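>>> okay, structure incoming, though there's no sequence with it:
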């Protein structure tokens, strides 16, 4: 009865069950326009169960107010249940491995600072590796995890089960829904069957309604269609 989980209603909201705390957070932008971290999170008052807007049109954001019904919201889930595991394009140097699933990218741009995480890994000096670790750790979508081959280090932090609404200070827009701590996300396929996505420590869900990887965020709210098309071609994403 008290299991923490997110149930995606067909063409409707995210139903959050089990008393999962909800927070807001802002990213911190450096002088070059790259995100480098996050502000302190702030608690949003909720009941033990609540509905988060998925169509992007609620007058009571972040909560659902039923607007999706009148707006004929098409919330069809495009993602496959094992997209993370089935689309890995990992990268290695002598000392480090980057676990990378490009299909999960929400284009938060943490990994682009100082020449990009892969170049930093190749550089290999202490300063470069320290920045690379920060970039992988701050990736909200969980696309990136940096692993030290010679130690137990991984950039994957231990999170409590929580949901965070991200505000992007670069574009001045509400961003994605950051789901942390291994919360099950359960949807529905075209035949009405239950669709259980891989349980991940970090994923980001769409709340603008326009992602081409629903229910996950693909950065549509802040990047162009041309940018996304070029990105998909670069990484050979179908």
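Received the coordinates, thanks. Bear in mind that the values here come from a model prediction, so they are computed numbers and not experimental data.
>>> now residue 37: which helix or strand?
Element membership for residue 37, per DSSP states H and E: strand 35-38.
>>> span of stretch 59-76 from start to end?
Start-to-end span of stretch 59-76 (CA to CA, to the nearest Å) is 22 Å.
>>> now do the buried residues in it.
Of all the residues in stretch 59-76, those buried under the rule 16 or more other CB atoms under 10 Å are 62, 63, 64, 67, 68, 73, 75. For the C-beta atoms, the positions are set from N, CA and C on the backbone; glycine is no exception.
>>> and those residues, which is closest to residue 95?
Of all the buried residues of stretch 59-76, residue 95 sits closest to residue 62, with 41.3 Å by CB to CB.
>>> can you list the neighbours in contact with stretch 31-51?
For stretch 31-51, the external contacting residues (CB atoms under 8 Å, 6 or more residues apart in numbering) are 9, 12-19, 21-30, 62-64, 108-110, 112-113, 134, 138, 164-165, 168-170.
>>> and it, how far out from the chain middle?
Remark: stretch 31-51 is offset 13 Å from the chain centroid, using CA atoms, centre = their mean, to the nearest Å.
>>> which residue ranges of the chain form strands?
For the chain, the strands defined by DSSP state E occupy 5-8, 14-17, 22-29, 35-38, 42-44, 50-52, 91-92, 96-100, 144-148, 162-168, 173-180, 185-188, 194-196, 202-205.
>>> so who does the spatially most central residue of the chain touch?
The centroid of the chain falls nearest to residue 204 when counting by CA atoms, centre = their mean (2.3 Å). Taking CB under 8 Å, 6+ apart as the criterion, residue 204 is in contact with 106, 140, 141, 142, 166, 176, 177, 178, 179, 216, 217.
>>> buried members of these into PyMOL, please.
Restricted to buried positions by 16+ other CB under 10 Å, the PyMOL selection for those reads:
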select buried, resi 106+140+141+142+166+176+177+178+179+216+217
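>>> make a markdown table from the contacts of residue 204 and add pLDDT and distance to residue 91 to it.
As requested, the contacts of residue 204 are arranged in a markdown table below (pLDDT from 0 to 100; distance: CB to CB, whole Å):
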| residue | pLDDT | distance to residue 91 |
| --- | --- | --- |
| 106 | 97 | 19 |
| 140 | 98 | 20 |
| 141 | 98 | 17 |
| 142 | 97 | 16 |
| 166 | 98 | 26 |
| 176 | 97 | 24 |
| 177 | 98 | 28 |
| 178 | 98 | 24 |
| 179 | 98 | 25 |
| 216 | 98 | 22 |
| 217 | 98 | 23 |
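>>> out of the contacts of residue 204, the closest to residue 57 would be?
residue 177 (15.5 Å).
>>> buried ones in whichever helix in the chain runs longest?
The longest helix of the chain (DSSP state H) is helix 126-138. Across helix 126-138, burial judged by 16+ other CB under 10 Å covers 128, 129, 131, 132, 133, 134, 135, 136, 137, 138.
>>> how about residue 75, nearest residue that isn't a chain neighbour?
residue 11 (4.4 Å; CB to CB, 6 or more residues apart in numbering).
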